[in-house]
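Participant: Any chance you could fold what I've pasted below:
(2 chains)
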Amino acid sequence: MTDNENKTATGSDEGAEGLQSEAVSIGTDGASEQSPSKSQSNDGLPAELLVKHPLQSRWVLWYLKADRNKDWEDCLKQVTVFDTVEDFWALYNHIQVASGLNWGSDYYLFKEGIKPMWEDDSNIKGGRWLVTVDKLKRNELLDHYWLELLMAIIGEQFEEHGEHICGAVVNVRQKGDKVSLWTRDALKDDVNKRIGQILKAKLEIPDSEPIRYEVHKDSSVKTGSMVKPRITIPAKEKEVAR
Amino acid sequence: MMMTSISDRIETAVVDPSTAQSADDVQLGNSATTAGTNMSSTTPAQRSKPRPLKLASNGPPVSSFMQSSSNNLPQQSMTVEELLELTHQINNAVKAGQFNAQLANQIFRLCQQLKISGECMEQSHRNDLNRVFVSLRQACCRDNGHLGTPCRLKIMELVELRAMGWRPSLAHSQYYLNRTTASPQEYHPHMNGQQQQQPQLQQQPQQYHMMQSTPIAPVRTQLPSHPQQQQQQQQQYPPRPSQSDSGDPAMVAGATPVSAPPFGAIPINPFGAFAPAGPPHMFGMTNIDLSASHPGPQMMPAVSQQSMAPTSYYLIPAPGAWPQTMIAAGPGMLPPPASPIGGPPPPQAFAGPPPAHSVIAQQQQPVGTSEPEASWPRGAVTKASKFSKPQKVPGKAQYRDEITIRNADSGKIMGVKGRRVAVVEELSKTIISFQKVAQGAKERSLTITGNSEETIEFAKKLIDETIRRNVSPNRPEGASDDFSNRAETRDDDDDEDFPEDDEGDEAEGDMGIQIETGEDGTLKLSCADPAVLQAAQAALSQYLNKAGQQRKVLTPEEKELRKERRKSMPIRAQSTTDSKEVTAQGISRSRDGQRRGSISNGSNSAGVNSPETAAPLGSDSPNWRALAKSTPNLVAALEPKKEPRVTAVYSREMLLRCAQSPLVNEAVPGKIAAIAKDAADIMRPTGAKLGEYERQRAAAAQS
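Facilitator: Model (predicted):
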C-alpha cells in the first residue's frame, strides 16, 4: 500500500495527488457526503452538529419477517435500540426503507419497554391511528409516510401528548401498505384526536384520504372484517369502510 | 417525704422568681416532651421527674398533661379567642425575630393548648393554625438557640401531632419519652454534687433547671450516684401511659445516644457564627438537648455510665432523611469549660440577665437592611449583594454579607419546615437569616454570617442554586443524581402536612417549577401547576430572546461584583434556564458552558442568540439555545400540560439537519454490524449510499 503510494508519488507528484484525493472520496463515501455538510455547518450551525442529540425516549426498532411457518411472535425481531437523533439516522441509513421490505414484513418502532403487540400493558387499552397507503401511490408515499412518522415520534412532535404515544408500525402488504401510530389509551378521544390531527399534518395526508383511529381490542376481536373506527379525520357521517 | 423536702429545696434554690409565670409552661414542656429529663443532668436533685408526670402515666396523655400543668396555669384551657391571640403573638414575635424566652413561653403555652383543642382549631381556625405553624417552623429555622431545646422539641412535637391529626399515638409519645429518659443518662457523667455547691454554675443551663424544677414538682432527694439508682428513679416515675412500671431499663438506662431526633427543621450549624473549629459546643448550641445541657467541665462524671464519653452531637439530617443522622461522640467533644457560647443562651424570662451570649445573639439577628436595591436588574433569581464582599463583623472572627432575593423565592430557599435553608446552612457552615418583610414585599434580604468569605460565597452559591432548582442542595456524600433530587423534592412536598397558603412566599416556593438541566444538557421543566409552567415557559422564551439585556444598566461596581461572584458561582444568577449542577463534574462543565456562553464575557443578548457562543454544555448535549431558536416546536412543547415533563423536542427540520451530521456516520457501527448479522435481510445492499433518497426527499420537502 505504502509502497504503491510511494511509487506513484515518486513517479509523478501531480498525478499522485490527484489520485490520492480521488481515492479518499471513493474510499469513504460518507466523507464525501460529510464535506458539504461540514462546510454548510461552518457558515451555519456548527455546534449543533458536533454533538449527539439525545431523544426524549429510547426507541426500539423491531422487524417482523414474514414466515408462515412460524408463530407471529417468533418472527418478531428486535433490531436495535437508539436514543439519539444521530443514532437514529445511522440506523435508518443502514436499513431498508419500508418499500424495500418483502411483502408481509413489518417495522415497528416502539418506546423501550413496550412490545409491539396488543397484549403489552401499554397497548392493551390503546389503539392506533391507521393510515392506509394507496397501492397506486406506494412508491411516492410509503417511505415518505414512514420516515415522517418516525421523525415525528422520536422528535416528540405531538405536543404534550408524547406520553400517550407507544410506537409506530408499518405493514408492508401487497393488498395495501399500512402505516399506523399506536397510542396508549383508546378512550382518550381528545388526546387521540389531537394526535391524529398532528399526524395528518405531518404526513400531509389530504382530506380525501381519511385516517381512522381503531381500538386494538376491537381489532383483536373482529378478525377479518373492517373495524369500526372510533375517530375519523376528517370526521365522516358514515362509517369509513374501504 | 424525701421528695417533698427536696422539692422544697429546689424550689427555693432553683426557681427563679422571674419564672413564676413561665413555670407552668416549663413544666408542661417537661412532662410532655423529653426535654425535661435532660435537665436533670444539670441538677442532681432534680434527677427524677416531677410528680405530675406520674399522674400523667396513669391517665390518657392529653388530659393528664392538662391536669398536671393546670396547677399553675390560670386557665385550664384558653378560649378560642385567647388562643388566637396567642398565635398572633407568636406570629409577631417570629416575624420580628424575637426569639426570646417570652416566645418560648408562648410556644409552650400554645403547645399545651393545642393538645387539647388542636382538633377543634383545625376545623374552625385552620388558617390561623397554618399561620402559626409557619411561624413555628420559621422559629426553628431562624432561631439560633435562644428558644432552647425544650422549646424546639415542643415545636417538633406539635408539628408531629398536627401531622397525625391531633391524635397522639403511642409511638409518638414514646419517642419523646425515650428521649426524655435516655438523654439524662448520657449526661450523668457530668453530674455530681458540685453543682449544688456552685449555684452560679446554674446560670448557664438555667433554662433547663427551671424546666425541670417547677415549683409544683416534688423531686426526689437522692442523688443519682449509681446507675441502679437511676433506673430506680426512672421506674418510680415512669414516663407515660403504658410503660408504667417496667420503665424499660434497656431504654431507660441505654446510655448510648438515642437515635437522631427528627429535627429536620433545625438549622444546624452554628459553626460559622461562632468559631472556626470546635464543633461540639456549637452543635450544642443550636441543636438538641444533649450538649446543650452540659453544665460545664465542673460537672465531672461522678457516676460511671456506659456513655462515659459524654458528648454526642447530632448533625441535622437531610430533609426527609433524618434517620440517617450522623451521631458523633467522643471525649474530645466536651464543650470548652468556660465558653459562654457552649450552652444555650438562656431565655431571659428563665434566666434573668443573659450572660455573654446575647452579644452573639444580636450578631445573628438579621441585619436590618430592608432597603432593596431597586435599580438592580433581576432575573428569575434575584441576587444582590450589599457589600462588594463579605464584611467582617467588627470584633468577631466572622463575616457577614447580605443578598437580596425575591420575596416570592423565600419559600424556595427556606424549604418545607426550613429544611432547605438548614441544609444550606449546614453545607456552607454559615447562618442565614431572613429579613422580616411585609407580606406583599417584593424582595427580601438574607444575611449570611460565616467564618470566612469563602463560606459565605459558598452559601450564596447554594442559595442561588437552591432557588433556581427549587430543590434542596445535594449533600456531598448524598445522592447526587437527578432522580434522587427529584425524589427529595417530592419528599418535601409530601411532607407538607398542612397548606401554606397563608404565607405567600412560602407556599409559592414549594409549589414551584423544577428546572433541571441534566448532565447531558437536556432541560426539563416540570411543574404540577400548568399556570406556573406557562409562566416559566414565558420566562424561558424571554430569556432565550433577551437574556442579558438587562445587564446594561449594571454599574461598573456591580459588574465587578458579578464577576467576582461568578468565580464562586458556576450558576448564573439571573436565568432560569441555566443548568443545574449535580455532580462536581457537572458544575465545572456548566461553568465552562457559561464562559463560552454569553454570560461571563459580557456579550449580552447577541451572544446568547448567536449559535457560535451558544456552545453546548456537554459533549453530547443538545444546544438548547440554538435549539430553541431553531425549533419552533419548542414553544409548543413547553406549553403546560397535565404532566409536564418536556425534554428533547426536535422539529422535523432539526432532525433533518442532524441527519447530515458527521456523527451519523460514526454512530453505532457495532450496532449496525449486529443488525447485519441478525437481520441481514433488512440491511440495505449498498451500505455507503444510505439515506440518499430520504435526503433528496427531505430537501425537496423543505424547499
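
Participant: Helix or strand with the lowest mean pLDDT in chain A?
Facilitator: Least confident helix or strand of chain A, by mean pLDDT, DSSP states H and E, is helix A:13-27 with a mean of 38.

Participant: which helices and strands does the lengthiest helix in chain B pack with?
Facilitator: Across chain B, the longest stretch assigned as helix under DSSP state H is helix B:101-124. Where contact means 3 or more Cβ pairs under 8 Å, 6 or more residues apart in numbering or on different chains; DSSP states H and E, helix B:101-124 is packed against helix B:23-32, helix B:61-70, helix B:80-95, helix B:126-142, helix B:149-163, helix B:348-351. All C-beta atoms are positioned from the backbone trio N, CA, C, and that covers glycine.

Participant: Just the element for the spatially most central residue of chain A, please.
Facilitator: The centroid of chain A falls nearest to A:Leu150 when counting by Cα atoms, centre = their mean (3.7 Å). Following DSSP states H and E, one finds A:Leu150 within helix A:138-154.

Participant: and the longest strand anywhere in chain A, is it in reach of chain B?
Facilitator: Longest strand of chain A, by residue count under DSSP state E: strand A:54-64. Yes: residues of strand A:54-64 are located near chain B by Cβ under 8 Å from any Cβ of the partner chain, namely A:Pro54, A:Leu55, A:Gln56, A:Tyr63.

Participant: Give the buried residues for that strand.
Facilitator: A:Pro54, A:Leu55, A:Gln56, A:Ser57, A:Trp59, A:Val60, A:Leu61, A:Trp62, A:Tyr63, A:Leu64 (16 or more other Cβ atoms under 10 Å in any protein chain shown).

Participant: Pipe the residues you listed into TSV and attach distance to B:Val416 per row.
Facilitator: Shown next, in TSV, are the buried residues of strand A:54-64 (distance: Cβ to Cβ, whole Å):
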residue	distance to B:Val416
A:Pro54	32
A:Leu55	34
A:Gln56	30
A:Ser57	32
A:Trp59	38
A:Val60	40
A:Leu61	45
A:Trp62	45
A:Tyr63	50
A:Leu64	51
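
Participant: Touching, A:Leu149 and A:Lys202? I think so.
Facilitator: Yes: here A:Leu149 reaches A:Lys202: they are 7.2 Å apart, a contact under Cβ atoms under 8 Å.

Participant: These two: who's more crowded?
Facilitator: A:Leu149 (22 against 19; other Cβ atoms under 10 Å in any protein chain shown).

Participant: ok, back up a step: distance of the residue nearest to the residue nearest to the centre of chain A when sequence neighbours are not counted from A:Trp62?
Facilitator: Excluding its sequence neighbours, the residue lying closest to A:Leu150 (Cβ to Cβ, 6 or more residues apart in numbering or on different chains) is A:Leu109, at 5.9 Å. Distance, A:Leu109 to A:Trp62, by Cβ to Cβ, to the nearest Å: 7 Å.

Participant: if we can go back for a sec, surely the residue nearest to A:Leu150 meets A:Gly167?
Facilitator: Yes: using Cβ under 8 Å, A:Leu109 is in contact with A:Gly167, at 5.5 Å.

Participant: which residues do these two both contact?
Facilitator: By Cβ atoms under 8 Å, 6 or more residues apart in numbering or on different chains, A:Leu109 and A:Gly167 have these common neighbours: A:Trp59, A:Ile153.

Participant: These two: which has the busier surroundings?
Facilitator: A:Gly167 (28 against 25).

Participant: follow-up on the earlier one: with distance to B:Gln174 and pLDDT as extra columns, can I get the buried residues of strand A:54-64 in TSV?
Facilitator: Listed next are these as TSV, based on distance: Cβ to Cβ, whole Å; pLDDT from 0 to 100:
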residue	distance to B:Gln174	pLDDT
A:Pro54	51	88
A:Leu55	52	90
A:Gln56	49	89
A:Ser57	49	90
A:Trp59	54	94
A:Val60	53	93
A:Leu61	59	92
A:Trp62	57	92
A:Tyr63	63	91
A:Leu64	63	90
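
Participant: and of those, the nearest to B:Leu462?
Facilitator: For the buried residues of strand A:54-64, the residue nearest B:Leu462 by Cβ to Cβ is A:Pro54; the value is 28.2 Å.

Participant: pLDDT score assigned to residue 198?
Facilitator: The chain I'm using is chain A. pLDDT for A:Ile198: 92.

Participant: Let me rephrase: I mean chain B.
Facilitator: So, for B:Gln198, pLDDT stands at 42.

Participant: So B:Ala648 versus A:Gly167, what's the distance?
Facilitator: Taken as Cβ to Cβ, the span from B:Ala648 to A:Gly167 is 17 Å.

Participant: Low-confidence stretches in chain B?
Facilitator: Within chain B, the ranges that satisfy pLDDT under 70 run B:1-77, B:176-390, B:474-532, B:534, B:537-538, B:540-647, B:667-669, B:685-703.

Participant: switch to 50 and redo it
Facilitator: Along chain B, the model assigns pLDDT under 50 to residues B:1-75, B:182-381, B:477-511, B:547-552, B:568-644, B:687-690.

Participant: measure B:Asp648 to A:Leu147 for me?
Facilitator: One correction, residue B:648 is Ala, not Asp. To A:Leu147, B:Ala648 is 19 Å away according to Cβ to Cβ.

Participant: Have a look at those two and say which one is more surrounded.
Facilitator: Between B:Ala648 and A:Leu147, counted using other Cβ under 10 Å, the more crowded position is B:Ala648 (29 against 24).

Participant: excluding its backbone neighbours, what's nearest that one?
Facilitator: A:Gln56 (4.7 Å).

Participant: quick one: contacts for the one you found?
Facilitator: Counted by Cβ under 8 Å, 6+ apart, A:Gln56 has contacts A:Ile154, A:Glu156, A:Gly162, B:Thr647, B:Ala648, B:Val649.

Participant: Quick one: these as JSON lines, columns for secondary structure too.
Facilitator: Below are these laid out as JSON lines (DSSP: H, G, I helix; E, B strand; the rest coil):
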{"residue": "A:Ile154", "secondary structure": "helix"}
{"residue": "A:Glu156", "secondary structure": "coil"}
{"residue": "A:Gly162", "secondary structure": "helix"}
{"residue": "B:Thr647", "secondary structure": "coil"}
{"residue": "B:Ala648", "secondary structure": "coil"}
{"residue": "B:Val649", "secondary structure": "coil"}
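
Participant: Greatest separation within the residues you listed: which pair is it?
Facilitator: A:Ile154 and B:Thr647 (12.0 Å).

Participant: ok, those two, which is more surrounded?
Facilitator: Taking neighbours as other Cβ under 10 Å, A:Ile154 and B:Thr647 compare with A:Ile154 leading, 25 against 20.

Participant: Quick check, pLDDT for that one.
Facilitator: For A:Ile154, the model assigns a pLDDT of 93.

Participant: What does A:Thr80 show for phi and psi?
Facilitator: phi -170, psi 170 (degrees, to the nearest 10).
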